[in-house]
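Asks: Give me a model of this one.
(one chain, ligands or ions: 2)
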Amino acid sequence: MGTALIYDEEMTKYKLLWVDPACKIEVPERLTVSYEALVRSGLSDRCVSIPPREATDAEILLAHSEEYLEAVKKTPYMTLEDLKEFTLQYGDVYFHPNIYHCAKLAAGSALQLVDSVMTGKVRNGIALVRPPGHHSMRSAANGFCVFNNVAIAAQYAKQKHGVKRVLIVDWDIHHGQGVQYCFEDDPSVLYYSWHRYEHQKFWPNLRESDYDSVGKGNGAGFNVNVPWNKVGMENSDYLSIFCHVLLPVAYEFCPDLVLVCAGFDSAIGDPEGEMCATPDIFAHLTHLLMNLAGGKLCAVLEGGYNLTSLPQSVCQTVQTLLGDPLPQPAGLRSPCKSALESLQCVRSAHRRYWSFLKHAANQPSTDISTKRIKLANEEEGKTEMAVEERAAEIKEWPEPPERPSPPVRCASLLPEDVACPDGLKLFSSSKDLHPLLASKLQNGADDQDALITVSRLYAMIEKMLTNEIGSGLVLISDISAAMMGALQDLPSDLVDRVLVVCVGKEKDLNYLTTDGKMLFVQISDEDKEKEKNKYFIPVSLKKGCSDTAGFIQAVLGLLLPLAYEYDPTLVLLVRTPGSGVDDSMWQQLIGLLLGFAKGHTLVLMQTNEKVHVGPTASALLGRPAPPLLELQTLDQEDGEALERLRERLQTDWKMLQTTSEGTE
Ligand SMILES: NCCCNCCCCCC(O)(O)C(F)(F)F
Ligand SMILES: [Zn+2]
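Replies: Ligands and ions are numbered 1, 2, ... in the order given. This next block holds a predicted model:
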C-alpha cells in the first residue's frame, strides 16, 4: 500500500496584509518550497495524490464552539480594518479574506488523510497544509492557527472510523496547547509534545506546558509534555526522548491510529526553534512511529520557517513513509544535561501511569520547576550565552544523504525444500569458498559445509555493504555452528561495526570481542548479570522472550539507544531455536532494527523454525508489524533488573542515561 500526499496551492492564497513582527514568518512560500522539493526529488510522483476538501461545519464543531465558527465565517466579507480589528482579540495570529477557506481546506485535508488510511486506500500519508492547527482552541485562534486540524482529525477518526485509541505526536517546536486542552481529560487520545520552553520564558509562556501537566481526571497520564529548557538541542536529545519516554508509553498505549503534528521548526536553522537537530532526524522519528497502529500514520504539517531545512525535513519524512532505507544518524553523542533533566522529570511525573516507566528515578534534586519560578520572577536580565545557545547560532548543516533503494530489497538463502517467500529474491552465490575463508581451510577446518554456509553469508554481507541488497534472510541447519563460523575472528575488512542481536539462549559465545567491532546484545531467560564486557549486553527476562512487555521494554529502553550510539554498518539478527518470541513481537523488532545500518539487517534462523519465514519476510520487506496484543504489565523483577543493567551500562553508553545525576 502507498503513501498519500495531500497538497493544493489554494492553501498558499492568503498572507499577512499588515505589519506584525510576530506573524511575518508564516508565509505562503513555506508550502510552495516544501511541495516543490517533493516534486524535484521525484518523491511526489511516488505518492498517491489525494485532493483536499473543505471540512464541514459539523466536522469543525468536533473541536470548536459554534460562536467561534460563526465569527470566523464572517471574515471573508470583512474590510482590512475589520480584519485587523477581528484579529486583535486573538494572539500571534492574523486573518485574511481567504484564510477561512484555507482553514477549512487544511482541516479537510487532515480528514481526507484519515479516510485514506482508515479505509486502507493507503498505508500512511502526509498533508501539506496552511494554516496550521495545534494552537487553536475551542473558541480562539492562536499562533497562526484557525482550526485545530489534528484535534478535529482525532475526533473524526473516533466518530467515523470507530478508532479506540489515537496517539498524537507533536514534534513541532511549540507546545500545541490547543490539542492539550481538547483531550486533557480524554484517555482515548494520548497527546505527546516536546517544545521549546526555557522555564516558561518561551512562547506561549504557559505554566501548563511543563512536564507536570499529565492530563486531568480520566485523562491523567495521557498528556505527555517534554519541555526543552535550552536551545541547541541535537539529534541525540531528540532520539533519547523518543526511546526513553515516547516509545515505551506509545507501545503500552497500543494506539490504532497515529497522528503527527508535523512541525519542522524543531529542525536546525529555524528562527523559532533555534535547535540543532538535522533534517535527517525526521526520517528516524517517522520510522520509529511506523510500526505502531499497524503502520496507520497521518502526518499533518504544522510549523517550520526556515525555507531550507523545512523542505529537507519534509522530504526526509516522506521518503521514510514510502519505505526507503534510512540514513545513518549523524554524529550522535551524549544527550545534554538540560535534556536529561527534562527526561528525568517527565519520566518521574508519568511513573505512576505507565508500567514501562515504573522504575524511573525521582525528580532531579535540582528540580527544574524551581528554576522556572526563579526565572519567571527575575527581571529580564540577559543570561550569559550557555554553550547550547551558542550552538543555536550555527546555521550551516550538511545536505541530508542520498537514501537509494537497493536493487534487491531482500535476499534469501534457504534450503532447497523451503519455498522462497514472495517479494524475496533467492541469493545465488558461487559455490566456491570465499577468499576470506581460505585461511580457515588451510589450518584444517573440519566442517566443509559449515564453511560453505559461512562463505555464502559473507558473500551476502558483501552485497549488502555495496547496497546491492537491502536485507537478508538465511535459514541454516545449525545456528550455533554458523554463528561460530561467521563471528569467530570476523574479517575486519568485511564489516567494521556489526550489531548482533541474539533472541533466545546461545550456549558458547566465545567469539565475543572487546575491540568494539561487534556489539552483542542477547535477550533471553539466561541470567548473566556479572558480565563486564562493554560490548556484550545480556538482557535476561524471567519468562524469556515470550514475555512481550519485558521484551519490548528491553528493545525500546536498551537496544534502541545502544544501537543509535553504536551506529552499526550491519545488523545481524539471530533467532535461536525455542526462543519463544511471538511473531508480532519479532516483526516489531525487525521493523525497528531496519532503521539502522541503512536497512542492512541479516536475519539468521534455524531451518526447523521455517514456520516463521513468512512473518520474517513480511517485516524485512518493510511491511508494518501487526499491533502487539494487549501488553501485560512489566514484571517487577525484570523491570528492576533492566533498570540495574541500564544504570551499570550508562557510564559506557551515554544514550542509556535517563537522569541528569552524574553529568557535569
Ligand atoms: N518570534 C515571533 C513570535 C512568534 N510567536 C508565535 C509562534 C507561533 C508558532 C506556530 C507553530 O509553528 O507552532 C504552528 F505550528 F502552529 F505553525
Ligand atoms: Zn511551531
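Asks: which parts of stretch 475-483 are buried?
Replies: Leu475, Ile476, Asp478, Ile479, Ser480, Ala482, Met483 (16 or more other C-beta atoms under 10 Å). In short, each C-beta sits where N, CA and C put it, glycine included.
Asks: what's the span of that stretch, first residue to last?
Replies: 12 Å (C-alpha to C-alpha, to the nearest Å).
Asks: Please apply the same query to stretch 600-616.
Replies: Criterion C-alpha to C-alpha; first-to-last residue distance in stretch 600-616 is 14 Å.
Asks: what do you get for stretch 157-173?
Replies: Terminal-residue distance, stretch 157-173 (C-alpha to C-alpha): 25 Å.
Asks: I'm curious whether that stretch, anywhere along its length, sits up against ligand 1.
Replies: Yes - using C-beta under 6 Å from any ligand atom, stretch 157-173 reaches ligand 1 at Asp172.
Asks: can you tell me if that stretch touches ligand 2.
Replies: Yes - Stretch 157-173 is in contact with ligand 2 by C-beta under 5 Å from the ion, via Asp172.
Asks: in that stretch, what's buried?
Replies: Ala157, Lys158, Val163, Arg165, Val166, Leu167, Ile168, Val169, Asp170, Trp171, Asp172, Ile173.
Asks: where does the closest residue to the last one other than its chain neighbours land on pLDDT?
Replies: Translated: Ile173. Spatial nearest neighbour of Ile173, excluding adjacent residues (C-beta to C-beta, 6 or more residues apart in numbering): Gly273 at 3.6 Å. Note on Gly273: pLDDT of 98.
Asks: And Gly273, how far from ligand 2?
Replies: 7 Å (C-beta to the ion, to the nearest Å).
Asks: For the stretch 451-600 of the chain, just list every one of the strands.
Replies: With DSSP state E, counting those that start in this stretch as the criterion, the stretch 451-600 of the chain has strands at 469-476, 498-503, 518-524, 536-540, 570-575.
Asks: for the stretch 201-350 of the chain, same thing?
Replies: 223-228, 257-262, 297-301.
Asks: So which of these is the most surrounded?
Replies: Ranked by mean neighbour count, the strands of the stretch 201-350 of the chain are led by strand 297-301 with a mean of 30 (mean count of other C-beta atoms under 10 Å).
Asks: which helices and strands sit right next to it?
Replies: Contacts defined by 3 or more C-beta pairs under 8 Å, 6 or more residues apart in numbering; DSSP states H and E place strand 297-301 against helix 99-118, strand 124-127, helix 149-161, strand 257-262, helix 281-289, helix 309-321.
Asks: ok so, going back, between the strands of the stretch 201-350 of the chain, which one is closest to ligand 2.
Replies: When these are compared by C-beta to the ion, strand 257-262 sits nearest ligand 2, at 8.7 Å.
Asks: one step back: list the ones among the buried residues of stretch 475-483 that fall in helices.
Replies: Among the buried residues of stretch 475-483, the members found in helices (DSSP state H) are Ile479, Ser480, Ala482, Met483.
Asks: Output the residues you listed as JSON lines; include the columns pLDDT and distance to Trp194.
Replies: Listed next are those as JSON lines, based on pLDDT from 0 to 100; distance: C-beta to C-beta, whole Å:
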{"residue": "Ile479", "pLDDT": "91", "distance to Trp194": "41"}
{"residue": "Ser480", "pLDDT": "90", "distance to Trp194": "44"}
{"residue": "Ala482", "pLDDT": "89", "distance to Trp194": "43"}
{"residue": "Met483", "pLDDT": "90", "distance to Trp194": "40"}
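Asks: So of these, which two are at opposite extremes in space?
Replies: Farthest apart among these by C-beta to C-beta are Ser480 and Ala482. That separation is 7.4 Å.
Asks: quick one: the closest residue to Pro28 other than its chain neighbours and Pro52, what's the gap?
Replies: Using C-beta to C-beta, 6+ apart and skipping residues adjacent in sequence, the residue nearest Pro28 is Thr12, 3.9 Å away. Using C-beta to C-beta, to the nearest Å, Thr12 is found at 12 Å from Pro52.
Asks: Of those two, give the one with the bigger neighbour count.
Replies: Each of Thr12 and Pro52 has its neighbours counted (other C-beta atoms under 10 Å); Pro52 has more, 24 against 19.
Asks: tally of neighbours for Gly516?
Replies: 11.
Asks: Quick check: end-to-end length of stretch 179-196?
Replies: Using C-alpha to C-alpha, the end-to-end distance of stretch 179-196 comes to 16 Å.
Asks: Tell me the spacing between whatever residue of the chain ends up closest to ligand 2 and Glu272.
Replies: Nearest residue of the chain to ligand 2: Gly303, at 2.8 Å (C-beta to the ion). According to C-beta to C-beta, Gly303 stands 7 Å off from Glu272.
Asks: Those two: who's more crowded?
Replies: A count of neighbours by other C-beta under 10 Å puts Gly303 above the other of Gly303 and Glu272, at 27 against 19.
Asks: ok, that one touching Ala267?
Replies: No - judged on C-beta atoms under 8 Å, Gly303 makes no contact with Ala267 at a distance of 10.1 Å.
Asks: rewinding a little: identify the contacts common to Gly303 and Glu272.
Replies: The contact sets of Gly303 and Glu272 overlap at Ile173, His174, Asp265 (C-beta atoms under 8 Å, 6 or more residues apart in numbering).
Asks: The last one and His195, how far apart?
Replies: This means Asp265. Distance from Asp265 to His195, by C-beta to C-beta: 10 Å.
Asks: cool, and the first one?
Replies: Ile173 sits 6 Å away from His195 when distances are taken as C-beta to C-beta.
Asks: shared neighbours, these two?
Replies: Trp228.
Asks: picking up where we left off before, switch the helices and strands packed on strand 297-301 over to CSV; also include distance to Ile368 and mean pLDDT.
Replies: Output for the helices and strands packed on strand 297-301, formatted as CSV (distance: least, C-beta to C-beta, whole Å; pLDDT from 0 to 100):
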stretch, distance to Ile368, mean pLDDT
helix 99-118, 34, 98
strand 124-127, 34, 98
helix 149-161, 28, 99
strand 257-262, 24, 98
helix 281-289, 24, 98
helix 309-321, 28, 98
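Asks: Just give me the neighbour total for the nearest residue to His161 once chain neighbours are set aside.
Replies: Spatial nearest neighbour of His161, chain neighbours left out: Met118 (4.2 Å); criterion: C-beta to C-beta, 6+ apart. By other C-beta under 10 Å, 18 other residues sit near Met118.
Asks: who touches Met118 in this structure?
Replies: Met118 touches Ala157, Lys160, His161, Val163, Leu257, Lys296, counting by C-beta under 8 Å, 6+ apart.
Asks: cool, and Ala220?
Replies: Going by C-beta under 8 Å, 6+ apart, Ala220 touches Val214, Tyr353.
Asks: Next: Leu247.
Replies: With contact set as C-beta under 8 Å, 6+ apart, Leu247 has these partners: Leu288, Leu556, Leu560.
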